[in-house]
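>>> can't give you the sequence, but here's the structure:
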């Protein structure tokens, strides 16, 4: 597929399988995952590790991770997503050419200002084919849309990549200007 064939908005690949594909069903399950979260006090996290399986298996755990950040949600303008590649083998780190990712709850913009800061790194490239039928990042997009309504995502799919490459990319994103 050529980059000219890539839609400006990436359609959901796993909605209806890993999470509900209808607006109301998605919103209802997502809110149940968030409201059922264990109480946490004083969370001021910069990094969150959340599972990426189907919501029936991991939604409650992901809900706990995101619910802890709700009090500060209006301040979050960028969410960096790092996830493993399951379907396509490649070296390095892949990102998408899309300007936004569609979810049943609305579109999540891609933070191209931040992506430009890491695309100059050897081993990081736009590789839309790696995102076909890939769930590791997409299952988080509806949570991000709901919990961080002012946020854009930096989707980074990690293939066969050295730890030093991942570390360098994260360091560059920490230093990248915020919108």
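That came in fine, so what should we check first? Since we're looking at a predicted model, the values are computed, not measured.
>>> and residue 165, which of the three is it?
Following DSSP: H, G, I helix; E, B strand; the rest coil, residue 165 is assigned to helix.
>>> so it makes contact with residue 91?
No - assessed by C-beta atoms under 8 Å, residue 165 is found out of contact with residue 91, at 9.4 Å. Using the backbone N, CA and C atoms, a C-beta is placed for each residue, glycine as well.
>>> higher neighbour count, the two?
Neighbours were counted for residue 165 and for residue 91 using other C-beta atoms under 10 Å; residue 165 has more, 17 against 12.
>>> any common contacting residues for residue 165 and residue 91?
Jointly contacting residue 165 and residue 91 under the rule C-beta atoms under 8 Å, 6 or more residues apart in numbering are residue 123.
>>> Give the residue spans of this protein that score low on pLDDT.
Within the chain, the stretches with pLDDT under 70 are 1-7, 39-44, 176-179.
>>> Quick check: residue 82 is in a strand.
Yes - per three-state DSSP, residue 82 lies within a strand segment.
>>> and it, what does it touch?
Contacts of residue 82 (C-beta under 8 Å, 6+ apart): 156, 158, 166, 170.
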